[in-house]
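*Asks:* Output the structure for:
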Amino acid sequence: MSLVLLGISHRTAPIEQRERLALPEVALPQALALLAAQPGVREGMILSTCNRVEILAAAHDGELPDLLRFLALATGQASLPPEASFYRHRDADAARHVFRVASSLDSLVVGEPQILGQLKQAFAAAQAAGLIGPELEAVASRAFHAAKRVRTETAIASQPVSVSQMGVDLARQIFGTLAHKTVLLVGAGAMGQEVARHLLRQGAHRLLVANRTPARAQALAAKFGGEAIGLEEVAAQGEHADVVITCAGAATPLVSRADAAHFLARRRGRPMLFLDLAVPRDVAPAVHQLENAFVYNIDDLDQVVQAHLSGRRQEAEAGERIVQAELELFQQRWGARDVVPTLRALQSHAESLRAAEWERLRRRLGPLTPEQEAAVEMLTRSLMQKWLHRPLVELKEADTPGQRQLLADAIHRLFGLSHDSKGED
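*Replies:* As a prediction, this is how the structure comes out:
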């Protein structure tokens, strides 16, 4: 393997650092083109969510790509967060990390389903950019399979604990009841929609939806039975909202300290809850300094979620065992790729001998019926396959690359195979 992974996530860095490195969907094609141009990168993909930014690459032999430099170039950052904020993995460790991410074992909310969809989208984007080859294809395929096993063979997703549920619980704690409350949703993010849906189900009676694209705001408002407003109307309409959910990820905050102070002044002491689910943040950090303003960003919600996850620990351990089993199978199958040319050469050699002997025998026997020819054909192929079975199995199941190479060399010598068949497939 030649896998290299660089990442920064909610486990290693605060949102203040992560938001600087977020790559929105519209920026992904350009970032992937830049990744393809990096020295040493043979294959690659980029995963950017509200909780993590990760670059996975398959490197050219003997050439380690500088993924930190790439990240700085892709995000336009003159300086990056401290080295300790990043994690790096190579080869099997990189594959294990991807398996754990896909299986939601490394998520803010262990067992949440969104990350698998996000990883599949990242893979599809890289594939469209021509950056997916045999190595990342193999890793992703096994990661998706591992995620399916974890979800179906454990109870990790039972009694789900989600950010949307935490948002509802926080609203209940602040307001006591959600009856007659107004929700303002800024942005069309999936997580924001989920929180809004839960709040409405729990009694919130009015929903305002603002989005950069008016048509999307209107579609969402129609879906939830709310009303669409323009982004420019947020400053005027914000005072009506008891709960403000933001998930736009704007370059600059959409709700400033001055905006929030204006809202609160017009509300005459009634509290407001700001659920900022965006990276970069949509609500200015200084808003939390205001009296009666309760501001929670994605990292704050992490702390609330973790308090509800104790029941999932045992299921997560079962998930880790599945990931380890899938990793071992992946390593075994990937490791066997280096002997594929030898396997094919041995099979081709045996088939040429079988066909030559059968042709020689055919001339000596004279005319045969089609049934007789089919019987001889089946017999000789069966004998050849039985004869090949043991050496092929030994070659495939050798424990280490060194052992596989020793067996491959021995097979080449014993059967006089061409040295060209030792090359990569």
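*Asks:* Could you use CA atoms for every contact and neighbour count after this?
*Replies:* Noted.
*Asks:* ranges for the strands of the stretch 251-400 of the chain?
*Replies:* Ranges of strands within the stretch 251-400 of the chain are 272-276, 293-297, based on DSSP state E, counting those that start in this stretch.
*Asks:* quick one: the most centrally placed residue in the chain from residue 297, how far?
*Replies:* Closest residue to the average C-alpha location of the chain: residue 119 at 2.7 Å, with CA atoms, centre = their mean. Note on residue 119: its distance to residue 297, by CA to CA, to the nearest Å, is 23 Å.
*Asks:* now do residue 394
*Replies:* Distance, residue 394 to residue 297, by CA to CA: 55 Å.
*Asks:* Also residue 70?
*Replies:* Separation of residue 70 from residue 297 (CA to CA) stands at 28 Å.
*Asks:* got the buried residues for stretch 205-212?
*Replies:* For stretch 205-212, a neighbour-count test (16 or more other CA atoms under 10 Å) marks 205, 206, 207, 208, 209, 210, 211 as buried.
*Asks:* from those, which is closest to residue 75?
*Replies:* Nearest to residue 75 among the buried residues of stretch 205-212: residue 211, at 23.9 Å, using CA to CA.
*Asks:* give the contact list for the closest one.
*Replies:* Residue 211 sits next to 186, 187, 188, 217, 229, 230, 231, 248 when contact means CA atoms under 8 Å, 6 or more residues apart in numbering.
*Asks:* For those, pick the one with the most neighbours.
*Replies:* Neighbour counts for these peak at residue 186, which has 28 neighbours (criterion: other CA atoms under 10 Å).
*Asks:* Looks like that residue contacts residue 248 (just checking).
*Replies:* Yes: if you go by CA atoms under 8 Å, residue 186 and residue 248 touch, sitting 6.5 Å apart.
*Asks:* coming back round to it: who has more neighbours, residue 394 and residue 297?
*Replies:* residue 297 (19 against 14).
*Asks:* Just list whatever residues bridge to that one.
*Replies:* Assessed by DSSP bridges, residue 297 has beta-bridge partners residue 276.
*Asks:* My guess is it contacts residue 275. True?
*Replies:* Yes: between residue 297 and residue 275 there is a contact under CA under 8 Å: 6.1 Å.
*Asks:* Where does pLDDT dip in the protein?
*Replies:* Along the chain, the parts satisfying pLDDT under 70 run over 1, 62, 158-162, 304-312, 335-340, 396-401, 419-425.
*Asks:* and with 50 instead?
*Replies:* Along the chain, segments meeting pLDDT under 50 span 423-425.
*Asks:* Outline the domain layout of it.
*Replies:* 3-159, 163-306, 338-422 (automatic domain parsing).
*Asks:* wait, which of those is closest to residue 314?
*Replies:* domain 3-159 (8.5 Å).
*Asks:* so how far is the closest one from its chain's centroid?
*Replies:* How far domain 3-159 lies from its chain's middle: 6 Å, per CA atoms, centre = their mean, to the nearest Å.
*Asks:* still on that earlier bit, quick one, which of the domains of the chain is nearest to residue 330?
*Replies:* Among these, the nearest to residue 330 by CA to CA is domain 3-159 (6.8 Å).
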